[in-house]
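Colleague: coords below, sequence missing:
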């Protein structure tokens, strides 16, 4: 057979992690703290069914849902994004500054198509979301980790690395970060937007968890402080509507969206109109506020259960993040325990997590850490899972 | 702003054509023979509504439809592809030889991710589907046109160019080709599959129109004659179920599908489960045969109307293809009329088509030709549109 493209070899490391991540899904004997799914119990199944029954007729939106549509997305879904999701944050988007994509991650893919040549540098958090690293490496970007403290990226290190490495993007998940659950403070957001403008670097702000806040106050997106169009705002409907409908959006300058249009046509023409029409109706019928309230309640209870049980069961010396929202916490084990080596034993004990090392682009970091998700696990199962984890860890000390 | 990636400059020519193609959609004063959409009247709106009402409940498939799913696609949709779409053609696919993609074009994108480095050669028909050229050029492939006669690619020229240029792919739409409506004969299919094996070249068989046959006998896919895994079979649900649900599939060797898995995760994780679940039910409830019959009837009537009116109205010296199926015919005008130059006048006269030159990767070819679609135009409007076109052309002779 013909040789694979070079990018296939360049992405092999992160692709292996992603394969393992998908591979571990679906074993019913294991309580998985591994995935990034929201609670199945909270998905708006009934609302979607009612919307379909109402609008999927020939005289309403049935043909629109099933026929080819617009590259940038169904107009009233983009309008809902502008009015319901962005305006309350102080962001004022025109419809041609928005593109609907096939799940939040697709923005990262399309933006790489527009900007990334092989060897271009992308600065990422340490640790960062490995799935996006896979995308960046598929485009043969060189990902460089930025020093992070308890609040995320240390800006002195960002500026130093911008000057030294001339990156195309700084990729950041500022709110309830994946994998750590940490939130990037307001002052740093302002300053990071300014660094993007000052040094002509795109700040790629990936913000899929922000609506799932359980405590503390909302913090404005980095995009709010962007005066030059250098910040690109990526978000997803996966955590506020449905992951399975694969819907996300990108808010960027008209100039960038015009190029994302080309990249989108050369990827898959447009995002499913079927899903978009139903999602647009969900938002425009006013169903979102009540649904979000329910999503927050269910996930807050799980976050609290995770915090409570980690405190109750885990041995002294274990550290973890108390996230104000989102789906993840980041657990660091004592005694030099290697979470990658421990994983087969954890699976045998009936639990799954994602080992921390895979979230770093630098080798040798995060070996004692793990990403722990509480999104799609009931409080009762969180209790059992943390007991199992604690027993296993104690047996190694 | 930072510089765009080199690929953005390399794809600019084809991107311009695609932008114009999408841009001309939706003007109600113009009868468009431009797009590639099937008849809106034939879309299975009622069936989709009934399926949604039935399965989108929490105890049936509601959670599956709205939650994250598998990278390769919903299993019973892949099974339907194997049993209902492939087996009757003599193709025996395992589930791990199939991946569901976000519309038929996405297969071309994903396969380029796996195989195409900048400068790699892809052989294409003359003329070929410009939208796929945009994809190939985004990956910085060099597209080279193969000599075609009334039946498609001339194999002597394919073999000569394989020996000389060592292409990675030969891209072909063998059945009711886009843009010409021509069909590649059986003997050439066998021989092309053999050329792929003999010279270690991937034959990329794009077959979205084959089910829409209105006359003549079915011809086996090239993939049927592939003994070495060199033929990759791409198809779409756009013409047999719904374009707006953005569903397609690729059937290839396990080795290739394993890499398409990686490319898919690095593009958008997976295709919408929502659309896939509904589509799987559509096929597995046995609704497809009756629907296909209706699709063929509606489109046959439109094909016949197009043939009749071209014969009735167009001036002597005009040539066109009589397609046995699909959505397109290819019209060549007499008297050296340039269809690109004529297009603004055609739009002013209330009709739209796609000028032929854009479908050639070689400059200067097809200047007197146009792609004419009869898919989403009623017979009455086809009559009016061809009258308008004929009057305009006659005024130029």
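Modeller: Structure's in. What do you need? Since we're looking at a predicted model, the values are computed, not measured.
Colleague: Quick one: residues contacting the closest residue to residue A:333 other than its chain neighbours.
Modeller: Sequence neighbours aside, residue A:368 is the residue nearest to residue A:333 in space, at 4.8 Å (criterion: CB to CB, 6 or more residues apart in numbering or on different chains). Heads up, the C-betas are built off the backbone N, CA and C, glycines and all. Shown in contact with residue A:368 (CB atoms under 8 Å, 6 or more residues apart in numbering or on different chains): A:332-334, A:336-339, A:356.
Colleague: From these, which land in strands?
Modeller: The strands, defined by DSSP state E, take in residue A:332 from these.
Colleague: Please indicate which of the contacts of residue A:368 are buried?
Modeller: Neighbour-count burial (16 or more other CB atoms under 10 Å in any protein chain shown) applied to those gives A:332-333, A:337, A:339, A:356.
Colleague: Can I get those residues in CSV including pLDDT?
Modeller: Output for the buried ones among the contacts of residue A:368, formatted as CSV (pLDDT from 0 to 100):
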residue, pLDDT
A:332, 98
A:333, 98
A:337, 97
A:339, 97
A:356, 96
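Colleague: Greatest separation within those residues: which pair is it?
Modeller: Farthest apart among the buried ones among the contacts of residue A:368 by CB to CB are A:337 and A:356. That separation is 10.9 Å.
Colleague: Which stretches in the stretch 101-250 of chain A count as strands?
Modeller: A:121-124, A:142-145, A:148-149, A:152-153, A:169-172, A:202-206, A:231-236, A:248-251 (DSSP state E, counting those that start in this stretch).
Colleague: List the buried residues in stretch A:22-39.
Modeller: For stretch A:22-39, a neighbour-count test (16+ other CB under 10 Å) marks A:22, A:24-25, A:30-39 as buried.
Colleague: so of those residues, which ones are in helices?
Modeller: residue A:22 (DSSP state H).
Colleague: Now the phi/psi pair for residue A:66, please.
Modeller: With angles defined as degrees, to the nearest 10, residue A:66 shows backbone torsions of phi -100, psi -10.
Colleague: what about the helix or strand harbouring residue A:311, near chain B?
Modeller: Using DSSP states H and E, residue A:311 sits in helix A:288-313. No. Contact between helix A:288-313 and chain B is absent, the nearest approach being 11.9 Å (criterion: CB under 8 Å from any CB of the partner chain).
Colleague: Show me what that helix is packed against.
Modeller: For helix A:288-313, the elements it packs on are strand A:328-332, helix A:379-395, judged by 3 or more CB pairs under 8 Å, 6 or more residues apart in numbering or on different chains; DSSP states H and E.
Colleague: need these in CSV with distance to residue B:65, can you?
Modeller: Listed next are these as CSV, based on distance: least, CB to CB, whole Å:
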stretch, distance to residue B:65
strand A:328-332, 25
helix A:379-395, 23
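Colleague: Chain B: which of the buried ones among the contacts of residue A:368 is nearest?
Modeller: residue A:356 (20.2 Å; CB to the nearest CB).
Colleague: With respect to chain B, which of the strands of the stretch 101-250 of chain A lies nearest?
Modeller: When the strands of the stretch 101-250 of chain A are compared by CB to the nearest CB, strand A:202-206 sits nearest chain B, at 6.1 Å.
Colleague: separation between the most centrally placed residue in chain A and chain B?
Modeller: Closest residue to the average C-alpha location of chain A: residue A:208 at 5.1 Å, with CA atoms, centre = their mean. Remark: distance between residue A:208 and chain B (CB to the nearest CB, to the nearest Å) = 12 Å.
Colleague: How about that residue, nearest residue that isn't a chain neighbour?
Modeller: residue A:236 (4.0 Å).
Colleague: Run through the bridge partners of the one you found.
Modeller: Counting by DSSP bridges, residue A:236 forms beta bridges with residue A:248.
Colleague: Roughly how far does it sit from residue A:299?
Modeller: Per CB to CB, to the nearest Å, residue A:236 is found 15 Å from residue A:299.
Colleague: Likewise for residue A:352?
Modeller: 19 Å.
Colleague: Quick check: residues of the stretch 151-300 of chain A near chain B?
Modeller: Within reach of chain B by CB under 8 Å from any CB, the stretch 151-300 of chain A has these residues: A:168, A:200-202, A:229-230, A:238, A:242-246, A:255-256, A:259, A:261-263, A:265-275, A:278.
Colleague: Please indicate which of those residues are buried?
Modeller: The neighbour count (16+ other CB under 10 Å) marks A:168, A:201-202, A:229-230, A:238, A:242-246, A:256, A:259, A:261-263, A:265-275, A:278 as buried among these.
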